[in-house]
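Engineer: Sequence and predicted structure are below.
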Amino acid sequence: MTAQPSTTDQPATAAQPSTTDQRVITNPGTLHDPTPFGYSHAVSAPGEPVFIGGQYASDASGAPVPVDFAAQVELSLVNLRLALEGVGLGLEHVVRLGSYIVDHDMAKLEALGKGLHAHFGERLPAQTLSGVAALALPGMLFEIDAVAVRPAA
């Protein structure tokens, strides 16, 4: 028997989409529940793709701040939201994330999961996380990029 992907495969606590959220989030029952880790297995949406380059925790000059990993995750997610707002979109339009963590470990994964849940709620985009040796600038501990979908008119 093959499980059919549907939004009913989500945990019972999944939030309902807003009127601007046209994403279909699918977590098949044949796969593990990814939501505690801050992502969904598959996300689709009608419309035009919009690509958001790597966002990181930075001050107005682009210098990385602060030094705490969880604080960098929080500011990176705020910057992601601001980049989306710059093109008339919001977090509810994100279908995929790419996350990059310097010296990845379980404590950092937990901090990332908390940050993603705080910003995305229970309607989590698909995500690939990569542990890396370093990022573009000294002091960067975390970076995130995104693919969003501008809803069809």
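Structural biologist: Good, I have the coordinates.
Engineer: Around the closest residue to residue 21 other than its chain neighbours, how many other residues sit close by?
Structural biologist: Leaving aside its chain neighbours, residue 21 sits nearest to residue 92 (4.0 Å; criterion: C-beta to C-beta, 6 or more residues apart in numbering). C-beta coordinates here come from the backbone N, C-alpha and C atoms, glycine included. By the measure other C-beta atoms under 10 Å, the count of residues near residue 92 is 20.
Engineer: what about residue 92, which SS state?
Structural biologist: Following DSSP: H, G, I helix; E, B strand; the rest coil, the label given to residue 92 is helix.
Engineer: what does residue 52 give?
Structural biologist: Applying three-state DSSP: residue 52 is strand.
Engineer: I figured it hits residue 81, correct?
Structural biologist: No - Residue 52 is not in contact with residue 81 according to C-beta atoms under 8 Å; the separation is 10.0 Å.
Engineer: Tell me, what's the model's pLDDT at the residue sitting nearest the centre point of the chain?
Structural biologist: Nearest to the mean C-alpha position of the chain, by C-alpha atoms, centre = their mean, lies residue 97 at 4.4 Å. On the pLDDT scale, residue 97 is placed at 98.
Engineer: now it: how far from residue 89?
Structural biologist: For residue 97, the distance to residue 89 (C-beta to C-beta, to the nearest Å) stands at 14 Å.
Engineer: do residue 80 as well
Structural biologist: In this view, residue 80 and residue 89 are 11 Å apart by C-beta to C-beta.
Engineer: Next: residue 102.
Structural biologist: On the measure of C-beta to C-beta, residue 102 and residue 89 end up 28 Å apart.
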